[in-house]
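A.B. asks: compute the structure for the input listed below.
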Amino acid sequence: MFKRAHFFFAFVILAASAAAAADQITLKNGDRISGAIVSADGTNLTFKTDYAGTLTIKLDSVQAISSDQPIYITTTGGRVLVGTITQSDGNLQVATENSGQVTLARQDVKTMRSQAEQRHYGAWGGFLDSGLSLARGNANTTDFTVGATATRMTDRTKAAAFVNSLRSSGTVNGTTLTTASAIHAGLRFDFNLSQKTFAFAFTDFDHDRFQQLDLRNVIGGGLGYHLVKTAATNFDLFGGGSLNQEYFTTLTRRSGELLAGESLDHKLSSSFSVRERLEFYPNISDIGQYRVVFDLGAIAKVTKIFSWQVDASDRYITNPVNGLKGNDLLFTTGVRVAFGANKGM
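C.D. replies: Numbers count the residues shown, from 1 in each chain. As a prediction, this is how the structure comes out:
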């Protein structure tokens with residue numbers, strides 16, 4: 001009986017200690033929330049809880065904040081402080097190791113990040129995707145897909161690079177034929193002009209053997225607007241222009257284009273997310289012609305490193321050569337491996 005009581009009280013003490021060690025926020029309506037500070041900008045606070053997942057809270061609704069783990073504070077003047085924090089009455093107290101306690105006015109705080117978020121800040125990270133399908137018997141078929149995405153994000157910028165490829169072949173009665181061969185790749189750089197607006201520049205590369213497209217290179221840029229920007233959802237609208245250079249087997253074309261598009265990234269839960277992107281390119285050198293780029297994907301996280309991904313991509317043109325079809329749809333699925341700053345996220 002004594003051992004049971006001893007174990008019970010030890011459990012209560014440990015549980016109380018764990019609860020006391022959590023970061024705390026108090027809302028202006030009196031509600032208190034325990035968890036861990038993830039990050040904050042001048043508008044929103046991202047707060048992770050065990051019972052409600054990750055929350056996005058308006059800073060204007062927060063009365064007080066306290067942390068038990070060091071937080072990285074960046075001021076509007078560019079100064080970086082590290083320490084545990086408490087906030088009340090509009091001022092933030094930072095208990096630093098080297099400078100002692102530093103008091104900051106709330107309007108002087110540009111960002112706050114946890115240690116994990118600070119490690120990811122400004123670092124490259126991304127994903128490697130692969131998929132393989134085999135059939136052996138009266139007909140032998142092989143479908144292989146491989147892709148990679150890398151991104152680097154700061155408060156003002158986002159740089160990204162990607163490549164996706166698909167190759168399929170089949171053997172029937174001793175004759176081997178390639179049935180699909182396509183590669184899509186690109187580079188993009190975004191620069192935030194404000195909390196809602198951004199400028200961007202990009203270059204895309206496409207190769208499609210069965211559209212007789214040796215290479216398409218598109219260089220362009222424009223402006224965009226963050227219609228929705230939260231910890232769980234990013235929805236952007238953007239527009240601009242581009243120069244399209246197409247090198248087909250039998251001809252070469254160069255044309256100017258306009259650009260209008262939208263993109264959506266949404267986390268349905270901590271382990272499942274979807275993304276979608278649609279771009280429309282009306283041709284201004286050959287009025288009436290246009291291109292459409294559409295990408296759709298879903299990712300289910302299995303572990304911190306491994307996920308299962310499903311992707312669909314469609315590239316459509318109204319003026320293919322030699323009477324060929326104007327679009328090719330690529331559908332891939334397989335294992336995704338996270339690396340760099342995305343590892344463990």
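A.B. asks: low-confidence ranges, the stretch 201-345 of the chain, go.
C.D. replies: 341-345 (pLDDT under 70).
A.B. asks: show me where it has helices.
C.D. replies: Assigned by DSSP state H, counting those that start in this stretch, the stretch 201-345 of the chain shows no helices.
A.B. asks: flag every buried residue along stretch 258-273.
C.D. replies: 258-259, 261-265, 267, 273 (16 or more other C-beta atoms under 10 Å). Where C-beta positions appear, they are placed from N, C-alpha and C, glycine not excepted.
A.B. asks: would you turn the residues you listed into a markdown table with distance to T332?
C.D. replies: Shown next, in a markdown table, are these (distance: C-beta to C-beta, whole Å):
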| residue | distance to T332 |
| --- | --- |
| L258 | 30 |
| L259 | 25 |
| G261 | 22 |
| E262 | 22 |
| S263 | 19 |
| L264 | 20 |
| D265 | 19 |
| K267 | 21 |
| S273 | 17 |
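A.B. asks: these in strands, which ones?
C.D. replies: Counting by DSSP state E, the buried residues of stretch 258-273 place 258-259, 261-265, 267, 273 in strands.
A.B. asks: farthest-separated two in those?
C.D. replies: Spatial extent of those (C-beta to C-beta) is set by the pair L258 and K267 at 31.7 Å.
A.B. asks: can you pull the buried residues of whichever strand or helix holds R152?
C.D. replies: Under the criterion of DSSP states H and E, R152 resides in strand 139-153. By neighbour count on 16+ other C-beta under 10 Å, the buried set for strand 139-153 is 142-153.
A.B. asks: which residues does that strand contact?
C.D. replies: Outside strand 139-153, the residues that touch it by C-beta atoms under 8 Å, 6 or more residues apart in numbering are 121-135, 158-172, 180, 311, 332, 334, 340-342.
A.B. asks: any of these buried? List them.
C.D. replies: Burial by neighbour count, judged by 16+ other C-beta under 10 Å, picks out 121, 125-127, 129, 131, 160-162, 164-168, 170, 180, 311, 332, 334, 341-342 from the contacts of strand 139-153.
A.B. asks: mind listing which of the residues you listed are in strands?
C.D. replies: Going by DSSP E, the strands hold 125-127, 129, 131, 160-162, 164-168, 170, 180, 311, 332, 334 from those.
A.B. asks: out of the buried residues of stretch 258-273, which is nearest to Y51?
C.D. replies: K267 (17.7 Å).
A.B. asks: report the contact partners of that closest one.
C.D. replies: For K267, the contacting residues are 231-233, 273, by C-beta under 8 Å, 6+ apart.
A.B. asks: which residue is nearest the middle of this structure?
C.D. replies: By C-alpha atoms, centre = their mean, the chain has its centre lying nearest to D265, at 6.9 Å.
A.B. asks: beta partners for that one?
C.D. replies: Counting by DSSP bridges, D265 forms beta bridges with N234, R275.
A.B. asks: ok, now how distant is D286 from E257?
C.D. replies: Note on D286: its distance to E257, by C-beta to C-beta, to the nearest Å, is 10 Å.
A.B. asks: the residue nearest to the centre of the chain against R275, yeah?
C.D. replies: Yes: taking contacts as C-beta atoms under 8 Å, D265 lies within contact range of R275: 4.8 Å.
A.B. asks: quick check: next helix or strand after the host helix or strand of V94?
C.D. replies: In the assignment (DSSP H and E), V94 maps to strand 91-96. Downstream of strand 91-96, the first helix or strand assigned by DSSP H and E is strand 100-105.
A.B. asks: in that following strand, what's buried?
C.D. replies: Buried residues in strand 100-105 (16+ other C-beta under 10 Å): 102, 104.
A.B. asks: which secondary structure elements does the next helix-or-strand element following that strand contact?
C.D. replies: Heading C-terminal from strand 100-105, the first helix or strand you meet, by DSSP H and E, is strand 109-113. Here strand 109-113 touches strand 32-40, strand 71-75, going by 3 or more C-beta pairs under 8 Å, 6 or more residues apart in numbering; DSSP states H and E.
A.B. asks: how about residues contacting the first one?
C.D. replies: Read it as strand 32-40. 19, 22-27, 45-50, 54-55, 57, 59, 65, 67, 69, 71, 109, 111-114, 116-117, 231.
A.B. asks: next one: the shortest one
C.D. replies: For strand 71-75, the surrounding residues in contact (C-beta under 8 Å, 6+ apart) are 37, 80-85, 92, 94, 104, 108-115, 117-118, 155.
A.B. asks: domain ranges for this structure?
C.D. replies: Following automatic domain parsing, the chain resolves into domains at 2-120, 124-340.
A.B. asks: from A160, how far out is A116?
C.D. replies: For A116 relative to A160 (C-beta to C-beta), the value is 21 Å.
A.B. asks: wait, T233
C.D. replies: For T233, the distance to A160 - C-beta to C-beta - is 18 Å.
A.B. asks: burial count for the closest residue to A201 other than its chain neighbours?
C.D. replies: If the residues on either side of it in the chain are set aside, A201 comes closest to G221, at 4.0 Å by C-beta to C-beta, 6 or more residues apart in numbering. Residues lying near G221 (other C-beta atoms under 10 Å) number 16.
A.B. asks: before we move on, the earlier item: D286 and E257: which is more packed in?
C.D. replies: E257 (21 against 14).
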